[in-house]
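Asks: Just need the structure, nothing else, for what follows:
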Amino acid sequence: MQSLKYTIFFLLISFTFQLDHCIQTAKICKSNLLSKESGSIANCIIYYSENPSKCYLCDIGYALSYEEDKCISFPLCGSLKEGNKECDSCYPGYYLKNNACTKIQIKNCESSDDGDICTYCQDYSKKNEDGSKCDLFNLIEGCRGYDDNGDCFDCEDDYELSESGSGIEITCTFKSCDDGDKAVQYCQICEDGYYSDPFDDGKCKPYQTDNSNNSGKNEIRCCFLLLILILTLLI
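Replies: All right, here's what the predicted structure looks like:
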């Protein structure tokens, strides 16, 4: 009975710590964190600098209109076709099916024509010969570009490319922040179906299928799990 109690305890601990859905973390100097730009288009978070009347990127749950002047409620869609009735491009990890964005079942796949064969894997993974699988590279903190062999060739802005002591392995080294600034941790790569919000806390959040806020539900779930952990120890 005692062994069963500890087995349940460690399983719950493991599940609780997996709630962040983060594959790879990185650091960024706090002064370089992006902030939402204010403008006249509702639910637009980035505007064209040369034309602030046009939206470049809409918030999660909204798709960019064909004219780039509106953000229209459309689950899992990034942009719309002319007429703003049909989706033109889905979020990474989703594909178009009957004018709806459906999740690709191949892990680490960014785009697919039918959901069964991956046409393009995420930048941190490599497609196999028949497109049925995307193999995860040996991830390097701060790397944002890998070649076909899985070697890093480009680092995030607050990192720089460097060689290991052997002079063979390429890695990304974090630069020091300016005086008075500090480095903060954020999730660089999230699991499929999740995104890291550069305008918020850098944690992985699920793509919303509607425009409701599920953060309250997540907090309740975490509190419930913690309560179960405490009760498990007391039994």
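
Asks: From now on I want contacts and neighbour counts done on CA atoms only, so please keep to that.
Replies: Fine.

Asks: The residue most central in space within the chain sits in which helix or strand?
Replies: The central residue of the chain, meaning the one whose C-alpha is nearest the mean C-alpha position (C-alpha atoms, centre = their mean), is Y195 at 2.5 Å. Element membership of Y195, judged by DSSP states H and E, is strand 194-196.

Asks: picking that back up, which residues does the residue nearest to the centre of the chain contact?
Replies: Listed by C-alpha atoms under 8 Å, 6 or more residues apart in numbering, the contact set of Y195 reads 189, 203-207.

Asks: So what's the residue count around G142?
Replies: By other C-alpha atoms under 10 Å, the residues close to G142 number 26.

Asks: mind listing what it touches?
Replies: When contacts are counted by C-alpha under 8 Å, 6+ apart, G142 is found next to 25-27, 155-156, 158-159, 172-174, 188.

Asks: If we use 7 Å, what do you get?
Replies: Applying C-alpha atoms under 7 Å, 6 or more residues apart in numbering, we find G142 in contact with 26, 155-156, 159, 172.

Asks: can you redo the residues you listed as TSV with neighbour count and pLDDT?
Replies: Conversion of the contacts of G142 to TSV gives the following (neighbours: other C-alpha atoms under 10 Å; pLDDT from 0 to 100):
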residue	neighbour count	pLDDT
A26	20	92
C155	21	92
E156	19	90
Y159	20	93
C172	22	93
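
Asks: And S40, how close does it get to D69?
Replies: From S40 across to D69, the span is 10 Å (C-alpha to C-alpha, to the nearest Å).

Asks: the more surrounded of those two?
Replies: Neighbours around S40 and D69, counted as other C-alpha under 10 Å, are more numerous at D69. The numbers are 18 against 13.

Asks: ok, back up a step: which among the contacts of G142 gets closest to C55?
Replies: Using C-alpha to C-alpha, E156 is the member of the contacts of G142 that sits closest to C55, with 24.8 Å.

Asks: Now the closest one: closest residue in space, sequence neighbours ignored.
Replies: Nearest residue to E156 in three dimensions, chain neighbours excluded: G142, at 5.4 Å (C-alpha to C-alpha, 6 or more residues apart in numbering).

Asks: what is the mean pLDDT for the strand holding Y195?
Replies: Averaged across strand 194-196, pLDDT comes to 88.

Asks: After that strand, which helix or strand is next?
Replies: Heading C-terminal from strand 194-196, the first helix or strand you meet, by DSSP H and E, is strand 204-206.

Asks: That following strand pairs with which strands, parallel or anti?
Replies: For strand 204-206, sheet partners with direction are given as strand 194-196 (antiparallel), following DSSP bridges.

Asks: gap between the partner strand and the chain center?
Replies: The gap between where strand 194-196 is centred and where its chain is centred comes out at 3 Å by C-alpha atoms, centre = their mean, to the nearest Å.
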